[in-house]
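Peer 1: pasting a predicted model and its sequence here:
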Amino acid sequence: MNKVLASVVLLAVIGGGGYFLLQKKAADDALAAAIKGNDAKMAQMEKSVKDWSSKEKRWPRTEELRFTMPKEIQTDIDNSVLQMNCYPQPTGKLKFKVDFMKEFAVYDKREVELDAPFK
């Protein structure tokens with residue numbers, strides 16, 4: 001009887017571990033997909049900032065960034081899944097920082113330096 005019980009317990013432990021590994025893999029895959037999707041959003045945000053800057057002939061201030069973005073990005077900001085900051089550099093470039101968040105925790109940080117599209 002003890003061998004049977006030990007076998008059942010061992011199978012339960014192995015099965016539970018396998019289930020945990022499957023759950024972890026699913027979470028890792030979801031995170032990888034979200035980060036890959038962030039690449040497209042970053043490109044869209046960079047383009048929006050450059051387009052706005054070419055028209056206005058200056059870099060936006062952090063509080064203006066939201067209004068340079070397309071509606072879908074503004075919705076992400078409103079839903080607290082995205083935070084943006086920008087810092088004009090003495091070189092004329094703009095340091096543009098973006099935090100992608102899920103449930104108020106940052107899961108992907110991006111930072112790029114943009115060249116000025118104006119003179």
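Peer 2: Now that the structure is in, tell me what you want to look at.
Peer 1: quick one: contacts of stretch 29-45?
Peer 2: The contact list for stretch 29-45 (C-beta atoms under 8 Å, 6 or more residues apart in numbering) reads 69-70, 73, 76, 82, 84, 96, 98, 100, 102, 107-108, 110, 112. Where C-beta positions appear, they are placed from N, C-alpha and C, glycine not excepted.
Peer 1: could you look up the SS state of Asn51?
Peer 2: Actually, residue 51 is Asp rather than Asn. helix (DSSP: H, G, I helix; E, B strand; the rest coil).
Peer 1: and it, how many neighbours?
Peer 2: Neighbour count of Asp51, defined by other C-beta atoms under 10 Å: 12.
Peer 1: just checking, which of the contacts of stretch 29-45 belong to helices?
Peer 2: Using DSSP state H, the subset of those located in helices is Ile73, Asp76.
Peer 1: please pick the buried ones from the contacts of stretch 29-45.
Peer 2: Buried subset of the contacts of stretch 29-45 (neighbour count, 16 or more other C-beta atoms under 10 Å): Met69, Ile73, Asp76, Leu82, Met84, Phe96, Val98, Phe100, Asp108, Arg110.
Peer 1: so for these, which is the shakiest by pLDDT?
Peer 2: Within the set of these, pLDDT is lowest for Asp76 (86).
Peer 1: one step back: quick check: the farthest pair among the buried ones among the contacts of stretch 29-45?
Peer 2: Using C-beta to C-beta, the two most remote members of the buried ones among the contacts of stretch 29-45 are Met69 and Asp108, lying 17.3 Å apart.
Peer 1: please report how far the residue nearest to Glu111 when sequence neighbours are not counted lies from Glu46.
Peer 2: Residue nearest to Glu111 in three dimensions, not counting chain neighbours: Lys97, with 4.8 Å by C-beta to C-beta, 6 or more residues apart in numbering. As judged by C-beta to C-beta, to the nearest Å, Lys97 and Glu46 stand 12 Å apart.
Peer 1: how about the closest residue to Lys93 other than its chain neighbours, what does it touch?
Peer 2: Leaving out its chain neighbours, the residue that sits closest to Lys93 by C-beta to C-beta, 6+ apart is Glu113, at 4.7 Å. Taking C-beta under 8 Å, 6+ apart, we find Glu113 in contact with Gln89, Lys93, Leu94, Lys95, Phe96.
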